[in-house]
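S.K.: whatever this is, show me its structure:
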Amino acid sequence: MSVASSKWWKRTGMMLALIGFAGIFWTLAIWSSYLNSLPRTPVAATGKIFPLNIHGVVVFQTREEQQRLDLVQYSSIAIIAVSFMMSLMAGSRRGRSEE
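M.R.: Coordinates of the predicted model:
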């Protein structure tokens, strides 16, 4: 692997990791917002009937709120996993070129 290619893999992996961790912090901000603003009992009239347990406190959210939280959380985890795989690939490619 060339030096330029190795730097590209490393930089791309780091950027993806930063994006993934930013998403995790966004998830934490959503949890905090939900904890402060969502009702503690189900409210069928507004559709807030889906429970979310946040460290022992149960709040009730709408389906859309639940889907938004899941999308941010799971996509952030996937981006971090891709970043980790890229760093493993870059490391294994470096090892092959040195032999």
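
S.K.: now residue 31: how far from residue 51?
M.R.: Residue 31 is 14 Å from residue 51, where distance means CB to CB, to the nearest Å. To be clear about C-beta, it is placed using only N, CA and C from the backbone, and glycine gets the same treatment.

S.K.: try residue 74
M.R.: 18 Å.

S.K.: then residue 14?
M.R.: Counting by CB to CB, the gap from residue 14 to residue 51 is 37 Å.

S.K.: residue 16 too?
M.R.: Distance from residue 16 to residue 51, by CB to CB: 33 Å.

S.K.: neighbour-wise, which of these two wins?
M.R.: residue 16 (19 against 11; other CB atoms under 10 Å).

S.K.: quick check: closest non-adjacent residue to the more buried one.
M.R.: residue 83 (3.8 Å; CB to CB, 6 or more residues apart in numbering).

S.K.: which residues touch the one you found?
M.R.: 13, 14, 16, 17, 20 (CB atoms under 8 Å, 6 or more residues apart in numbering).

S.K.: what pLDDT does it get?
M.R.: With respect to pLDDT, residue 83 scores 93.

S.K.: report the beta-bridge partners for residue 61.
M.R.: residue 50 (DSSP bridges).

S.K.: how near is it to residue 77?
M.R.: In terms of CB to CB, residue 61 sits 20 Å off from residue 77.

S.K.: what comes up buried for the helix or strand of the chain with the lowest mean pLDDT?
M.R.: The least trusted helix or strand in the chain, going by mean pLDDT, DSSP states H and E, turns out to be helix 63-98, with a mean of 86. For helix 63-98, burial by neighbour count (16 or more other CB atoms under 10 Å) applies to 65, 69, 72, 73, 76, 79, 80, 82, 83, 86, 87, 90.

S.K.: same deal with stretch 23-33?
M.R.: Those would be 23, 27, 31, for stretch 23-33 by 16+ other CB under 10 Å.
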